[in-house]
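1. Got a predicted structure plus its sequence, pasted below:
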Amino acid sequence: MKLGPLVLTLLAIMLGGCATTPPSNPENLCEIFREKPSWRRAAEDMREKWGVPVQVPFAMMYQESSFRHDALPPRYYFLGFIPWGRVSSAYGYAQAKDETWADYKREAGGWTSSRDDLADSLDFMGWYISKSQRLNGVSKWDAYGQYLNYHEGWTGYRNRSYESKAWLKRVARLVQARAERFGAQYRNCDKG
């Protein structure tokens, strides 16, 4: 069966309309939740399931994808100008790599989980943060340590691979500061 150009165009428009745009004010967690109530429900479900404070994965997600559902890492360039693949397989809101996402799906997520779905990405981050606490003893409330775990992987964190990366420690401090701001905002979301 062949689809005509008109049918293909309509299909593309319908699918494009399903794309999720980033929040208009990504600096304020309460504004994010007012604009996208399903994100708040997903965040609270993640908190209930994994015991992870809402602000930590949101601060990490802000850093990783700026809340873009289809975020991709930068490309390698051959000879400085020919696109030649991506620097990693990371994708989606959480910038989860293929192999880590496969581990999550096998252990906790289920086969229908998708990296471009916010609820699935939050659940993934809850799983990852919980596992970082179990494997490396990093508190679920410690956005700095959790971000270093997330960026370097559990073994890399244990081997302190981040020690030689001043830029990464600087970014982790930004994630910690954002988590603190998001936490203060979240505590006041329903007040006056």
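-> Looks like it came in fine.
2. which residue ends up closest to the midpoint of the protein in space?
-> Ala94 (2.1 Å; CA atoms, centre = their mean).
3. Flag every buried residue along the one helix or strand Thr100 maps to.
-> Element membership of Thr100 [criterion: DSSP states H and E] is helix 98-104. Neighbour-count burial for helix 98-104 flags 100-101, 103-104 (criterion: 16 or more other CB atoms under 10 Å). Glycine gets a C-beta too; all of them are placed from N, C-alpha and C.
4. Could you export that helix as CSV, CA atoms only?
-> This file holds the C-alpha atoms of helix 98-104, laid out as CSV (Å, rounded to 0.1, in the frame of the first residue of the first chain):
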residue,chain,number,x,y,z
ASP,A,98,21.8,3.3,25.1
GLU,A,99,23.5,0.7,27.4
THR,A,100,22.3,2.4,30.6
TRP,A,101,18.8,2.8,29.3
ALA,A,102,18.8,-0.9,28.4
ASP,A,103,19.8,-1.8,32.0
TYR,A,104,17.0,0.4,33.3
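5. Counting by contacts, list what it packs against.
-> helix 118-136 (3 or more CB pairs under 8 Å, 6 or more residues apart in numbering; DSSP states H and E).
6. What is the helix it packs on packed up against?
-> Looks like helix 118-136 contacts helix 37-50, helix 55-65, helix 98-104, helix 143-158 (3+ CB pairs under 8 Å, 6+ apart).
7. looking at those, which is buried most?
-> helix 55-65 (a mean of 24; mean count of other CB atoms under 10 Å).
8. Can you list the low-confidence ranges for this protein?
-> Within the chain, the segments meeting pLDDT under 70 span 1-19, 70-89, 91, 192.
9. ok, now with 50
-> Applying pLDDT under 50 to the chain flags residues 1, 8, 11-18, 72, 75-78, 84, 86, 192.
10. mind exporting the helix ranked longest in it as CSV, just the C-alpha atoms?
-> Using DSSP state H to define each element, the chain has its longest helix at helix 166-187. Coordinates of each C-alpha in helix 166-187 appear next as CSV, following Å, rounded to 0.1, in the frame of the first residue of the first chain:
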residue,chain,number,x,y,z
ALA,A,166,37.6,21.0,36.9
TRP,A,167,34.9,21.9,34.3
LEU,A,168,32.8,19.0,35.4
LYS,A,169,33.0,19.9,39.1
ARG,A,170,32.0,23.4,38.2
VAL,A,171,29.0,22.1,36.3
ALA,A,172,28.1,19.8,39.2
ARG,A,173,28.1,22.9,41.5
LEU,A,174,25.7,24.6,39.1
VAL,A,175,23.4,21.6,39.3
GLN,A,176,23.6,21.6,43.1
ALA,A,177,22.7,25.3,43.2
ARG,A,178,19.8,24.8,40.7
ALA,A,179,18.5,21.9,42.8
GLU,A,180,18.6,24.1,45.9
ARG,A,181,16.6,26.8,44.1
PHE,A,182,14.2,24.3,42.6
GLY,A,183,13.7,22.7,46.1
ALA,A,184,12.9,26.1,47.7
GLN,A,185,10.5,26.9,44.8
TYR,A,186,8.8,23.4,45.1
ARG,A,187,8.2,23.8,48.8
